[in-house]
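Novice: From the sequence below, what's the structure:
(chains A and B)
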Amino acid sequence: MKIPVSAKWWAAIALVILMALAPLRISGYSLRFITFIFMWIGLAASLNLLTGYTGYLDFGHVAFFGIGAYITGILMLKLGIPFFPAMFIGAIVSGITAVVVGIPTMRLKGAYFAIGMLVFAEGLKHVALELDGITGGGNGLSLPIYTNYVFFYYIMFSTVLLAIGITYWFERSKFGLALMAIREAELAAEVSGVNTFYCKLIAFGISAFIAGIVGGIYAYWMSFFYPGDVFNVLTTVHMIIMAFLGGAGTILGPIIGATFLAAIEEFLWAEFKYTYLITVGFIVVVVVLYIPRGIVGLIREKVFARS
Amino acid sequence: MFAQVLLNGVLIGGIYASVAVGFSLIFGVLRIVNIVHGEFIMLGAFITYWLYKLMGIDPFLSLPLTFFCLYIFGFLLQRYVINKIMEAPEIMSLLLTFGLSLIIANIALLAWKGDYRLVNPEYAGAHLNLASLTIPYIRLSTFLFALVSVAGLQLFLQRTDIGRAIRATSQSKDGARLQGVSPALIYAITFGLGAAVAGVAGSLLSLSFSVFPAMGGDYLLFSFFIVVVGGMGHLPGALAGGFILGILQSLITNYLSAGLTYIIMFCILYVMLIVRPTGIFGKGIVE
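Specialist: Below you'll find the model as predicted:
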């Protein structure tokens, strides 16, 4: 079975139009829930840009979400900068931070990077706690409340489109090809003339930029946040699982994984918090052992590979 | 005052060395960064806690049992789960051990709740006064036990046939196989040993620090720091790294603020990875 390319495009366009028109029909809790799913798709797609294409697993990716949230919040509160420029600056700072941190950590193989980033995120949480003059410390930051949920729906949705658009560009461009070469065999890529170090840093920067945008929107949307919230290790856990469950290194993977896991979470979290996390752990183990290419990869193998 | 702070750091540093040495061993032989490591430590601490709490068994007497239980657990975990991805890309082993760590930590949380517990034998307060220094007997004896476990592991690797087979596998898997060593078996034994030593470290920690299901996370990060500073896979380096972390932490907590520990740790990691990724002795494995 093979789906023609034009049919894929039509399906994508139909889905985008459907989602763009959704706020006309739904509101309240459902709208909020879909906005949350968008947030997770954005975060999972952000991690996917790095991990799915370069093979570098980031255990501290929440750091960039947190930087986005804090910079946006601080600029709005202390300097009175409007939301959009504040969010944009937050995302830029996120991206630059990633490049600076990546310079030592990405030189070595992935394991150093993975845990080095975990220490980094944990360290940043403590920076936010210590600098209480600027960040409010453990008491967190309260932004002016803005309750236009349709607004947040659309900017989260736009961020998802941006993240997926960049993923599409990764799939189709020479730069993306270079990244995939790094993922499959870094040394071979290096020998073939790819500047692997430079490519990894750029991918890391772009990935952190997206996470920073989502963090900025989250800050304004929630209007209150604190270090333990926006630097929560569990957020990273979710991003990783969503990306791998859906299919790392694919366009649809983060969308499917995030939607699927957000639905499970909605169902299990409130009543059975620990059971939920145990389930999540089992999902990771099953994915690694039996479906390393995720749901997207599984469907490709089982349904499309036959023809 | 300063001497006391330094001494506290050294005493804790010894335990930290035993916390990290299993992590280093597993990395050196299996080339896996083992995220479950923190949970091994947590399980060891809980074994000691429950034996003490329910049966009144002295914490030091529970060490052999912790060693045995964690060895079996680690052995089986490697043999039946982790061994399946030994040939897969590195990212898969990171993910797999990460999933296992989520499962174990949250089952523990479900079973034992998140309460902070302490193993508190009646000799807990006893201490030795040496000049102006105060040395709690518990800190001193856990320190000595920790050093014994690190030295024991090193001796085992140097002097026994299995130890030699482990070192051979770490140097060259195919070379070891040609000499009749089964790498799969060695991997399971090594993983079991790493888990057992981590468990014993957890038991020792339970005498001085709180025991709770989520405690593994911090010790995983500490282990990583120690092993990068001392050199990945280089066991004597873990000893040096442990002392450095212990002293550093003691200084930061006393003279600055405990919250800064992670920030300073990251800065040191950052510099180490740029300047000397093979660790302070230059004997770590870098790939």
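Novice: Within range of chain A, give me the residues from the stretch 1-150 of chain B.
Specialist: Contact residues, the stretch 1-150 of chain B versus chain A (Cβ under 8 Å from any Cβ of the partner chain): B:27, B:33, B:81, B:84-85, B:88-92, B:94-96, B:98-107, B:109-110. For every residue, glycine as well, the C-beta is placed using N, CA and C.
Novice: Going by neighbour count, which of those residues are buried?
Specialist: Buried residues within the residues of the stretch 1-150 of chain B next to chain A, counting neighbours by 16 or more other Cβ atoms under 10 Å in any protein chain shown: B:27, B:33, B:81, B:85, B:90-92, B:94-96, B:98-107, B:109.
Novice: So which bits of the helix or strand containing A:Leu277 are buried?
Specialist: Counting by DSSP states H and E, the secondary-structure element that holds A:Leu277 is helix A:273-290. Judged by neighbour count (16+ other Cβ under 10 Å), helix A:273-290 contains these buried residues: A:274, A:276-281, A:283-285, A:287-289.
Novice: what two of the residues you listed are the furthest from one another?
Specialist: In terms of Cβ to Cβ, these reach their longest pairwise distance at A:Tyr274 and A:Leu289, which sit 22.6 Å apart.
Novice: For chain B, what's its nearest residue on chain A.
Specialist: In chain A, no residue comes nearer to chain B than A:Val284, which is 2.9 Å away by Cβ to the nearest Cβ.
Novice: Just the C-alphas of stretch B:37-44, formatted as CSV.
Specialist: The C-alpha trace of stretch B:37-44 is given here as CSV (Å, rounded to 0.1, in the frame of the first residue of the first chain):
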residue,chain,number,x,y,z
HIS,B,37,22.2,3.2,39.2
GLY,B,38,20.4,5.6,41.6
GLU,B,39,17.6,3.1,42.1
PHE,B,40,20.1,0.4,43.1
ILE,B,41,21.3,2.8,45.8
MET,B,42,17.7,3.5,46.9
LEU,B,43,16.9,-0.3,47.1
GLY,B,44,20.0,-0.9,49.2
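Novice: Identify the residues contacting it?
Specialist: Contacts with stretch B:37-44, where a contact means Cβ atoms under 8 Å, 6 or more residues apart in numbering or on different chains, come from B:19, B:22-23, B:26, B:66, B:69-70, B:73-74, B:100-101, B:104-105, B:108, B:194-195, B:198-203, B:205-206, B:211-220, B:223.
Novice: Give me the buried stretch members for it, please.
Specialist: Buried, per 16+ other Cβ under 10 Å, within stretch B:37-44: B:His37, B:Gly38, B:Glu39, B:Phe40, B:Ile41, B:Met42, B:Leu43, B:Gly44.
Novice: excluding its backbone neighbours, what's nearest the fifth one?
Specialist: The shortest distance from B:Ile41 to any non-neighbouring residue, by Cβ to Cβ, 6 or more residues apart in numbering or on different chains, is to B:Gly202 (3.8 Å).
Novice: State whether that neighbour is indeed within a helix.
Specialist: Yes: when DSSP: H, G, I helix; E, B strand; the rest coil is applied, B:Gly202 is found to be in a helix.
Novice: That one: what's it in contact with?
Specialist: Listed by Cβ under 8 Å, 6+ apart, the contact partners of B:Gly202 are B:Val19, B:Phe40, B:Ile41, B:Met42, B:Leu43, B:Gly44, B:Ala45, B:Phe46, B:Ile47, B:Thr48, B:Thr66, B:Tyr219.
Novice: For the stretch 101-250 of chain B, just list every one of the strands.
Specialist: B:127-130, B:133-136 (DSSP state E, counting those that start in this stretch).
Novice: How about A:Ala248: what's its closest non-neighbour residue?
Specialist: A:Gly52 (3.8 Å).
Novice: Per-residue confidence at that neighbour, what does it come out as?
Specialist: pLDDT for A:Gly52: 90.
Novice: what do you get for the one 4 residues further on?
Specialist: We note a pLDDT of 90 for A:Tyr56 in this prediction.
Novice: Just want the residue of chain B that's nearest chain A.
Specialist: Evaluated by Cβ to the nearest Cβ, chain B has B:Gly99 as its residue closest to chain A, separated by 2.9 Å.
Novice: rewinding a little: can the buried residues of stretch B:37-44 go into TSV with extra columns for secondary structure, pLDDT and distance to A:Met19?
Specialist: Output for the buried residues of stretch B:37-44, formatted as TSV (DSSP: H, G, I helix; E, B strand; the rest coil; pLDDT from 0 to 100; distance: Cβ to Cβ, whole Å):
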residue	secondary structure	pLDDT	distance to A:Met19
B:His37	helix	95	43
B:Gly38	helix	95	40
B:Glu39	helix	96	40
B:Phe40	helix	97	45
B:Ile41	helix	96	46
B:Met42	helix	96	43
B:Leu43	helix	96	46
B:Gly44	helix	96	50
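Novice: then stretch A:279-290 to PDB, C-alphas only?
Specialist: Output in PDB follows, covering the C-alpha atoms of stretch A:279-290 (Å, rounded to 0.1, in the frame of the first residue of the first chain):
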ATOM      1  CA  THR A 279       3.000   2.700  33.000                       C
ATOM      2  CA  VAL A 280       5.200   5.400  31.300                       C
ATOM      3  CA  GLY A 281       8.300   3.400  32.400                       C
ATOM      4  CA  PHE A 282       6.900   0.300  30.900                       C
ATOM      5  CA  ILE A 283       6.100   2.100  27.700                       C
ATOM      6  CA  VAL A 284       9.700   3.200  27.400                       C
ATOM      7  CA  VAL A 285      11.000  -0.300  28.000                       C
ATOM      8  CA  VAL A 286       8.500  -1.800  25.500                       C
ATOM      9  CA  VAL A 287       9.300   0.800  22.900                       C
ATOM     10  CA  VAL A 288      13.100   0.300  23.200                       C
ATOM     11  CA  LEU A 289      12.900  -3.500  23.100                       C
ATOM     12  CA  TYR A 290      10.100  -4.100  20.600                       C
END
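Novice: could you give me the average pLDDT of that stretch?
Specialist: Stretch A:279-290 shows a mean pLDDT of 90.
Novice: Distance of A:Ala20 relative to B:Val229?
Specialist: In this structure, A:Ala20 and B:Val229 are 52 Å apart, going by Cβ to Cβ, to the nearest Å.
Novice: Between the two, tell me which one has more neighbours.
Specialist: For the pair A:Ala20 and B:Val229, the greater number of neighbours falls to B:Val229 (26 against 14), based on other Cβ atoms under 10 Å in any protein chain shown.
Novice: Could you find the closest non-adjacent residue to residue 285?
Specialist: Assuming you mean chain A. On the basis of Cβ to Cβ, 6+ apart, the spatially nearest residue to A:Val285 that is not a chain neighbour turns out to be B:Gly99, at 4.2 Å.
Novice: To clarify, I was referring to chain B.
Specialist: In space, and not counting its chain neighbours, B:Ile285 is closest to B:Gly233: 4.3 Å by Cβ to Cβ, 6+ apart.
Novice: now do A:Ser94
Specialist: What sits nearest to A:Ser94 in space, not counting adjacent residues and going by Cβ to Cβ, 6+ apart, is A:Gly212, at 2.8 Å.
Novice: what comes up buried for stretch B:134-145?
Specialist: Within stretch B:134-145, the residues that qualify as buried by neighbour count (16+ other Cβ under 10 Å) are B:Ile135, B:Pro136, B:Ile138, B:Arg139, B:Thr142, B:Phe143, B:Phe145.
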